[in-house]
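Colleague: The following block contains a protein sequence and its predicted model.
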Amino acid sequence: MARKEPSVVRGETYNLTTEPSAFMKLQPDKPTVQTINGYGPGWIAVDAEKFSTSLVLGSRGERQIWDCARYEDLAARHFSTLAELGPELVLFGSGTRLRFPRPEWLQALVARGIGLETMDTAAACRTYNILAGEGRHVVVGLLLEMP
């Protein structure tokens, strides 16, 4: 039995963008939660508002200044503030480098069964946006150190 070759005209090109076979409408994502739009040395932007202090953000609209300017300023009361917001997960942005909280600071979180993830502040900003965008009840404590 002879094999039938497909009928292709060689040498012709087709532009698939000018004659689409199906239409697709592309729209930018519009998050329903507050998001971190940018960050850099000494600042964090949340929904286009720029902050130059440490900050607590939550996926349910929580936003407050976190009264600590250095890792050495942190105490158990700072993490109690995060626990009182009742999230399923807390992210701790430890500044420009990764530093873990002391165990005695975490008693309020442990007592409520709230998980904690520690990372540098830049990584915490990115992770917060992802988890909040997925609809998770997440709170982030962002330590913002002055350069």
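Modeller: Sure thing, it's come through.
Colleague: Need the pLDDT of residue 126.
Modeller: On pLDDT, residue 126 comes in at 97.
Colleague: Leaving out the residues flanking it, which one is nearest to it?
Modeller: With sequence-adjacent residues excluded and distances taken as Cβ to Cβ, 6 or more residues apart in numbering, residue 126 is closest to residue 36, at 7.9 Å. The way it works is simple: take the backbone N, C-alpha and C, and place the C-beta from them, glycine included.
Colleague: Give the residue spans of this protein that score low on pLDDT.
Modeller: In the predicted model, the chain carries pLDDT under 70 at residues 1-31.
Colleague: Swap in 50 and give it another go.
Modeller: For the chain, applying pLDDT under 50 flags the ranges 14, 16, 20.
Colleague: by contact count, what packs against the lengthiest helix in the chain?
Modeller: Longest helix in the chain, counting residues (DSSP state H): helix 121-133. In terms of contacts (3 or more Cβ pairs under 8 Å, 6 or more residues apart in numbering; DSSP states H and E), helix 121-133 is packed against strand 36-40, strand 89-93, strand 138-142.
Colleague: So which of those strands is nearest residue 131?
Modeller: strand 138-142 (4.4 Å; Cβ to Cβ).
Colleague: Each with direction, which strands does that closest one pair with?
Modeller: Here strand 138-142 is paired, per DSSP bridges, with strand 55-58 (antiparallel), strand 89-93 (parallel).
Colleague: Brilliant, that's me finished.
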